[in-house]
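Novice: A structural model of the following input is requested.
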Amino acid sequence: MADDKMTVKAERDPETGLLTGHDGKARCWWHGGLEDYQRYHDTEWGWPVDEDRRLFEKVCLEGFQSGLSWLTILRKREAFRAAFANFEFGKVAQFTEADVERCLQDAGIVRHRKKIESTINNARRALELRAEFGSLAAYFWSFEPKPEDRPQTIDFATARTLGKTAESTALSKDLKKRGWSFVGPTTVYAFMQSMGMVNDHLEGCCCRQSVEAARDAFTRPVTA
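Specialist: Okay, the predicted model is just below:
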């Protein structure tokens, strides 16, 4: 979400960044009032995740999103799941050049060779991470920023969310050192937002308090 380029289709409050929907509820502006995008905002974005398959899917899709709108990726997500074995990274790690060619012929996904090859590479690196830390969740959540270290997340003058943080830069650097690709600091920060490592729902958004309550109740995974 940090680098989403979609033009919103509804009026946002320039002082708060909030958008009031047809249901009378105020939300972060970026879903633009689109039904599927709003549903993603309400039910997925920012909610804490500790399931390795879902984490792998999220980090891969954020990589595919680089240079595109997240809405484009969201609307292709089921096709991505079909193409990449539901992001079961143990299976994706076994993909061959034939699978790369198959994906390049799949009009339902983003047909970008380097991103496809990156997903297969990252699946193999994910197996290494799981072997070292016990789970991807334990590794990723170890980069969660402390609440007191959280900076202002939105520039209301430009309606842009924060692109990267010290933690996303550190996670990006460590992933790259471990051989991952398409995991730049901005991509990683969008992943951190998506998986609930940070709660960037705006003050006054109808989801902010429930997401924060879920984060408070969430048991952070630790290395096995």
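Novice: list the buried residues for the longest helix seen in the chain?
Specialist: Ordering each helix of the chain by length in residues (DSSP state H) puts helix 113-133 first. Under the neighbour-count criterion of 16 or more other C-beta atoms under 10 Å, helix 113-133 has 115-126, 129-130, 133 buried. Quick note: C-beta positions are derived from backbone N, CA and C, even for glycine.
Novice: stretch 92-104 too?
Specialist: 92-93, 95, 99, 103.
Novice: where does pLDDT dip in the protein?
Specialist: Low-confidence segments of the chain (pLDDT under 70): 1-10, 148-162.
Novice: quick one, what contacts the residue nearest the centre of the chain?
Specialist: The chain has residue 191 as the residue nearest its centroid, 3.0 Å off, counting by C-alpha atoms, centre = their mean. Residues near residue 191 by C-beta atoms under 8 Å, 6 or more residues apart in numbering: 58-59, 62.
Novice: point out the ones among the residues you listed that are inside helices.
Specialist: If you go by DSSP H, those have 58-59, 62 in helices.
Novice: where along this protein do the helices fall?
Specialist: 35-43, 52-65, 70-75, 77-83, 89-92, 97-104, 113-133, 136-141, 166-177, 185-194, 208-217.
Novice: which of those sits most buried?
Specialist: Among these, helix 185-194 has the highest mean neighbour count (mean count of other C-beta atoms under 10 Å), at a mean of 25.
Novice: ok now it, how far from the chain's centre?
Specialist: Mean-position distance between helix 185-194 and its chain equals 6 Å (C-alpha atoms, centre = their mean, to the nearest Å).
Novice: the inter-axis angle of it versus helix 35-43?
Specialist: Relative orientation of helix 185-194 and helix 35-43, computed by axes from the mean of the first three to the mean of the last three C-alpha atoms, to 10 degrees: 70 degrees.
Novice: helix 185-194 vs helix 52-65, what angle?
Specialist: Using the same axes, to 10 degrees, helix 185-194 lies at 140 degrees relative to helix 52-65.
Novice: and helix 185-194 with helix 166-177, angle?
Specialist: Per the same axes, to 10 degrees, the angle that helix 185-194 makes with helix 166-177 is 110 degrees.
Novice: sorry, back to before: reformat the contacts of residue 191 as CSV; add distance to residue 31.
Specialist: Listed next are those as CSV, based on distance: C-beta to C-beta, whole Å:
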residue, distance to residue 31
58, 18
59, 22
62, 17
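Novice: circling back: so which pair among the buried residues of helix 113-133 is furthest apart in space?
Specialist: With C-beta to C-beta as the measure, no two of these lie farther apart than 116 and 133, at 26.0 Å.
Novice: rewinding a little: the longest helix of the chain - contacts with which helices or strands?
Specialist: Here helix 113-133 touches helix 52-65, helix 89-92, helix 97-104, helix 136-141, going by 3 or more C-beta pairs under 8 Å, 6 or more residues apart in numbering; DSSP states H and E.
Novice: just to revisit the earlier point, list just the nearest of the buried residues of stretch 92-104 to residue 212.
Specialist: Nearest to residue 212, judged by C-beta to C-beta, of the buried residues of stretch 92-104 is residue 92 at 33.1 Å.
Novice: so the closest one makes contact with residue 86?
Specialist: No - with contacts counted by C-beta atoms under 8 Å, residue 92 stays clear of residue 86, the gap being 9.2 Å.
Novice: distance of the residue nearest to residue 197 when sequence neighbours are not counted relative to residue 199?
Specialist: Leaving aside its sequence neighbours, residue 197 sits nearest to residue 144 (C-beta to C-beta, 6 or more residues apart in numbering; 5.1 Å). Distance of residue 144 to residue 199, computed by C-beta to C-beta, to the nearest Å: 11 Å.
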